[in-house]
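> When you get a sec, could you give me coordinates for this:
(one chain, ligands or ions: 1)
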Amino acid sequence: MPDKYTRSPRHRSSSPRSPHGKSPNFMQNTKRQWYNQRYFILGVNIVCTLFVNLIYILVIRRSHKQEPVATAQKIDDSPHLHSAIHIPYLDLRPEPDRFSNFRCVGDMNDKLKLEARSCVFNNICYDTRANTFNYYQSKPSIILFDKNVGPIRTFASGRFLALNRKLFGLEAWAPTIRITPAPKEEEVTRLKNVHVLYKHSAREFSFGHIVFEDFGNIFNSFYRLGTKMKNSVIMHKYVVPEDERFQNFEKEYRPAITSNPIVSLKPYMNSFGKRYVCFDQLQVSSPPVPFDPIATVTNQGKEDMFYQFRNAILKYHNIDPEYVPTKHKIIITDKKRSNFRKGRKRVIANLDELHLFLKSNYPDIDIEVIAWDEKTVKEQLLLTMDCTIMITPCGGVSFNLPFLPHNAHAIVMDYFSGDQPEEWRGVMANQSASMEGGYWNHFWHFKTMYYQVFDKSDWEWDFEGATNTRQDASIVIKMERIKDLIDTALEQME
Ligand SMILES: *[C@@H]1O[C@H](CO)[C@@H](O)[C@H](O)[C@H]1NC(C)=O
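Below you'll find the predicted structure:
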């Protein structure tokens, strides 16, 4: 009997009762069996748990680890319209498959906001005789919902999308509506991969405008529209510029989007030898304002696209986007030439003085002065990936900044707006204006610091009689002020 009371309470509570008044001996045996069984189950449990954990570590953890690397891949896996809802309902029309449809992201409530739309058109055909993109309908149907005039059954009277921005002479574009089915399949060439209609933006072929504005906008449009970037074709509405700089950008940076070279629309369309060329997906993306201070609003949320575009360029050149240098290197940009004019334009006026100052103040840091246009693209990328602090004038010459390694710092020259405010850019009078600040502020992998200017002693005119501080002035760096920025950068990178 006493053993009943010496049993530990832990066992007591869970010990089996004898429901049928079995003998104590039997009870003892059952109890022993039960304990054995319990330890057996416990053992099996432990083994199973270890096994499941092992599987988790081997399989699931590994696939988690791959996720960040696979981000660029995701674009190519993104859904596109072939997997969209397609339910015949109204199609009492003859040959329902031969009509067009479209979808957009952007402003569908104001017919005038052509610069704020990006769209994909499905089953749209180019007529090589009429030189039109035909959109086939059985009857005029609603396209836009204008807040002033109500439903609109045209592509905003031919001003549906913009091929370039107002600043560069806005060119409106829209497909031509035809109230008829598309030509029969045997009369057409059908293109299955996404085709992009494009026109280069800036008049001059600057690095910033062509690569980061034009190509960058095309790259972003695939994310924004959920279309497939891989194997796409970019078609220049007119003629692919023969300009050497454009050709270089096309060859070195365009492969970040697709391996197909940019083609000129008409010869490409005529090359198929049929009157009609039909597109499963034709993509047209109005270019947004990318760089101005005002863009700091419209660029919100585009950070990953900007970063992935940078990575895609680096990967094409076989450079690891995650590479980080292990020693400091300061690069000062020497802008020796300008695409705009022969003489000096928007440089660091006292570059030699700056170079000497940095050498004597940071004797242990490698300091290099670089004229970027004397280097190949690959050399530029490698130099930038090894740089921890880049000091540069603003403008096109600063556009290697995205290729800085993680946690690098940029020091970019501002300009003084003075009595020449440009409110549409987000620049008011008498401000230290950061020319591309609205863009640089949306890169998370490097940090931009601005060398601000407020005083006449902070700049020099580029030529006698100049009056425009944005276009025609170079920055005179004050050594104690740049030292302050460099020391802050060094501290941030400790
Ligand atoms: C800009 O500064 C100048 C010089 O101080 C001054 O005369 C002018 O009124 C200022 N303009 C504005 C819009 O603040």
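> drop to CA atoms for contacts and neighbour counts, all remaining ones
Will do.
> residues near the residue of the stretch 251-400 of the chain found nearest the ligand, how many?
Nearest residue of the stretch 251-400 of the chain to the ligand (CA to the nearest ligand atom) works out as Pro293 at 17.9 Å. Close neighbours of Pro293, defined as other CA atoms under 10 Å, add up to 22.
> Pretty sure it sits against Gly426.
Yes: with contact defined as CA atoms under 8 Å, Pro293 counts as touching Gly426 (5.3 Å).
> picking up where we left off before, what's near enough to touch the residue of the stretch 251-400 of the chain closest to the ligand?
Pro293 makes contacts with 425-427, 433-439, as judged by CA atoms under 8 Å, 6 or more residues apart in numbering.
> Going by neighbour count, list what's buried in stretch 321-337.
Of all the residues in stretch 321-337, those buried under the rule 16 or more other CA atoms under 10 Å are 321, 324, 328-335, 337.
> err, stretch 196-215, not the other one
196-202, 205-215.
> now stretch 149-159
Buried residues in stretch 149-159, counted by 16+ other CA under 10 Å: 152, 154-156, 159.
> Let me know the closest of these to the ligand.
Nearest to the ligand among these, counting by CA to the nearest ligand atom, is Arg159 at 36.5 Å.
> how does the chain divide into domains?
Domain assignment for the chain by automatic domain parsing gives 93-285, 295-492.
> does the residue in the stretch 101-250 of the chain positioned nearest to the ligand count as helix, strand or coil?
Taking CA to the nearest ligand atom, the ligand has its nearest neighbour within the stretch 101-250 of the chain at Leu167, 23.9 Å off. Of the three states, Leu167 takes helix under DSSP: H, G, I helix; E, B strand; the rest coil.
> gap between it and Asp292?
Leu167 is 12 Å from Asp292, where distance means CA to CA, to the nearest Å.
> Hmm, Lys111 is touching Phe160, no?
Yes: contact criterion CA under 8 Å: Lys111 and Phe160 qualify, at 7.2 Å.
> Which neighbours do the two have in common?
When CA under 8 Å, 6+ apart defines a contact, no residue borders Lys111 and Phe160 alike.
> shouldn't Val324 be in contact with Met385?
Yes: here Val324 reaches Met385: they are 7.2 Å apart, a contact under CA under 8 Å.
> got any residues that touch both of these two?
With CA under 8 Å, 6+ apart, Val324 and Met385 have common neighbours Pro405.
> just how off-centre is stretch 124-136 within its chain?
Its chain's C-alpha centre and that of stretch 124-136 lie 31 Å apart, by CA atoms, centre = their mean, to the nearest Å.
> average model confidence for stretch 155-166?
Across stretch 155-166, the average pLDDT comes to 95.
> Equivalent analysis for stretch 374-383, please.
Averaged over stretch 374-383, pLDDT sits at 98.
> Next: stretch 483-494.
The average pLDDT within stretch 483-494 is 98.
> now the spatially most central residue of the chain, nearest residue through space, not along the chain?
The residue lying closest to the centre of the chain (CA atoms, centre = their mean) is Met305, at 2.1 Å. Closest residue to Met305 apart from its sequence neighbours, by CA to CA, 6 or more residues apart in numbering: Asn220 at 6.0 Å.
> which helices and strands sit right next to the helix or strand harbouring the one you found?
Taking DSSP states H and E as the criterion, Asn220 maps to helix 216-225. If you count contacts as 3 or more CA pairs under 8 Å, 6 or more residues apart in numbering; DSSP states H and E, helix 216-225 packs onto strand 101-106, strand 117-122, strand 282-285, helix 303-316.
> what's the spacing between Leu191 and Val277?
In this view, Leu191 and Val277 are 7 Å apart by CA to CA.
> swap in Asp127?
Applying CA to CA to Asp127 and Val277 gives a distance of 7 Å.
> got it, and Pro261?
Applying CA to CA, the value for Pro261 to Val277 is 19 Å.
> Give me the more crowded residue out of the two.
Taking other CA under 10 Å, Pro261 and Val277 do not tie; Val277 has more neighbours (23 against 15).
> In terms of secondary structure, what does the host helix or strand of that one contact?
Using DSSP H and E, Val277 sits within strand 276-279. Applying 3+ CA pairs under 8 Å, 6+ apart, one finds that strand 276-279 contacts strand 124-127, strand 188-191.
> Quick one: mean pLDDT for that strand?
So the average pLDDT for strand 276-279 ends up being 98.
> Could I get the pLDDT score of the residue of the stretch 251-400 of the chain closest to the ligand?
Looking at Pro293, its pLDDT is 94.
> If we ignore the residues flanking it in sequence, what's nearest it?
Counting by CA to CA, 6+ apart, Gly438 is the residue found nearest to Pro293 once chain neighbours are left out, at 4.2 Å.
> Just the mean pLDDT for the helix or strand containing the one you found, thanks.
Using DSSP H and E, Gly438 maps to helix 437-440. Averaged over helix 437-440, pLDDT sits at 98.
> same thing with stretch 120-134?
On average, the pLDDT along stretch 120-134 is 97.
> Ala162 looks like it's in a strand, true?
Yes: under three-state DSSP, Ala162 sits within a strand.
> what bridges to it?
Beta-bridge partners recorded for Ala162 (DSSP bridges): Ala172.
> Write out the residues of this protein neighbouring the ligand.
Residues of the chain lying near the ligand by CA under 6 Å from any ligand atom: 418, 429-430.
> how about 8 Å then?
Contact residues (CA under 8 Å from any ligand atom) of the chain with the ligand: 418-419, 428-430.
> Can I get the buried part of those residues as one ChimeraX selection?
Typed into ChimeraX, the line below selects the buried ones among these, using 16+ other CA under 10 Å:
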select :418,428
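> Return the subset of the residues of the chain next to the ligand lying in helices.
Assignment to helices by DSSP state H places none of these there.
> From the residues of the chain next to the ligand, pick the one nearest Glu491.
Using CA to CA, Asn430 is the member of the residues of the chain next to the ligand that sits closest to Glu491, with 31.1 Å.
> Does the closest one touch Phe416 like I think?
Yes: proximity of Asn430 to Phe416 meets the contact threshold set by CA under 8 Å, at 6.6 Å.
> Now do the shared contacts for the two.
Phe454.
> give me the low-pLDDT residue ranges for this structure?
Residues of the chain that meet the criterion pLDDT under 70 lie in 1-83, 91-94, 96.
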